[in-house]
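Asker: when you get a sec, could you give me coordinates for this:
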Amino acid sequence: MPLPSIVDIARTDLYTQKSELEEKYAIPQVDHILRLRDMVTWCIANPDAKDRQFVDEIMQRYGLSKVTAYADLKIVKSLLPNLSEATRDFHRWRYNEMILETYQMAKKRKDTKTMEKAATSYAKYNRIDVEDESAVPYHMIVVQPFFPTTDPRVVGINPVPNIDERIKKLTKELGASNPDTLNIEYEEADMNFEEIFDEKPQE
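Answerer: Reported below is the predicted structural model:
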């Protein structure tokens, strides 16, 4: 089974916790994802930045070669269009990071009150007290087959006995009493349909 590309990993796990990434991927891939995450965050904070500024920034931060820097630029650009969908995930990740940082600072100061508030906020926001909803087994849903039929009983209507004979009889009776309904003359439409429905742009 082929290993997922770094782009595929970034699209699914860009904001996954580092500990979870280390359980799923090799260390070089984890380091690359964290680097891409850092630079995506930088792009969000600097929406007007030019490509050259991105390259200079990532080279300065991580000591990359220019070739690697431009390769990362290409990946980040491919991720940015998805940020409108992933923005909520980004803010969730950012919020969790802020809460955990607050907790660690309060722990160093031995501020148990702030530690309790941070822990409560973290638990409430991530809904850790709520059981995970079971996934709907869509793959087990069988599509109901439908077949064309002239039998009205399939929709709960009782069939009329000798319906064809009754239709012929009524057609004959109504035709005799109203002969104009059988042979109705019509006039040709006095219009040019080719001009009306011509989709070619007019010059």
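Asker: I'd like the distance between Arg61 and Leu80.
Answerer: Using Cβ to Cβ, to the nearest Å, Arg61 is found at 18 Å from Leu80. Quick note: C-beta positions are derived from backbone N, CA and C, even for glycine.
Asker: avg pLDDT for stretch 177-184?
Answerer: Stretch 177-184 comes out with an average pLDDT of 65.
Asker: now do stretch 58-72
Answerer: Throughout stretch 58-72, pLDDT has a mean value of 94.
Asker: so how far is it off the chain centroid?
Answerer: Relative to the centre of its chain, stretch 58-72 is centred 31 Å away, using Cα atoms, centre = their mean, to the nearest Å.
Asker: output it as PDB, nothing but the C-alphas.
Answerer: Provided in PDB are the C-alpha atoms of stretch 58-72 (Å, rounded to 0.1, in the frame of the first residue of the first chain):
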ATOM      1  CA  ILE A  58      10.600  30.000   5.800                       C
ATOM      2  CA  MET A  59      14.300  30.000   4.900                       C
ATOM      3  CA  GLN A  60      15.100  32.100   7.900                       C
ATOM      4  CA  ARG A  61      12.900  30.100  10.300                       C
ATOM      5  CA  TYR A  62      13.900  26.600   9.300                       C
ATOM      6  CA  GLY A  63      17.200  27.100   7.400                       C
ATOM      7  CA  LEU A  64      15.900  25.600   4.200                       C
ATOM      8  CA  SER A  65      17.300  25.700   0.800                       C
ATOM      9  CA  LYS A  66      15.600  27.900  -1.800                       C
ATOM     10  CA  VAL A  67      14.400  24.800  -3.700                       C
ATOM     11  CA  THR A  68      12.800  23.300  -0.600                       C
ATOM     12  CA  ALA A  69      11.300  26.700   0.400                       C
ATOM     13  CA  TYR A  70       9.600  27.000  -3.000                       C
ATOM     14  CA  ALA A  71       8.400  23.400  -2.800                       C
ATOM     15  CA  ASP A  72       6.700  24.300   0.600                       C
END
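Asker: could you give the number of residues near Arg92?
Answerer: Look at Arg92: counted by other Cβ atoms under 10 Å, it has 14 neighbours.
Asker: kindly report the same for Ile9.
Answerer: Considering only other Cβ under 10 Å, Ile9 is surrounded by 20 other residues.
Asker: give me the pLDDT for it.
Answerer: Confidence score, pLDDT, at Ile9: 91.
Asker: what about it, is that helix, strand or coil?
Answerer: Here Ile9 is helix, with the state taken from DSSP: H, G, I helix; E, B strand; the rest coil.
Asker: who touches it in this structure?
Answerer: Going by Cβ atoms under 8 Å, 6 or more residues apart in numbering, Ile9 touches 25, 29, 33.
Asker: return the subset of these lying in helices.
Answerer: In helices, defined here by DSSP state H, the members of the contacts of Ile9 are 29, 33.
Asker: rebuild the contacts of Ile9 as a markdown table, extending it with neighbour count.
Answerer: Output for the contacts of Ile9, formatted as a markdown table (neighbours: other Cβ atoms under 10 Å):
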| residue | neighbour count |
| --- | --- |
| Tyr25 | 19 |
| Gln29 | 19 |
| Ile33 | 20 |
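Asker: need the contacts of Ile9 in a markdown table (columns: pLDDT and distance to Thr114).
Answerer: As requested, the contacts of Ile9 are exported to a markdown table (pLDDT from 0 to 100; distance: Cβ to Cβ, whole Å):
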| residue | pLDDT | distance to Thr114 |
| --- | --- | --- |
| Tyr25 | 92 | 34 |
| Gln29 | 93 | 36 |
| Ile33 | 95 | 31 |
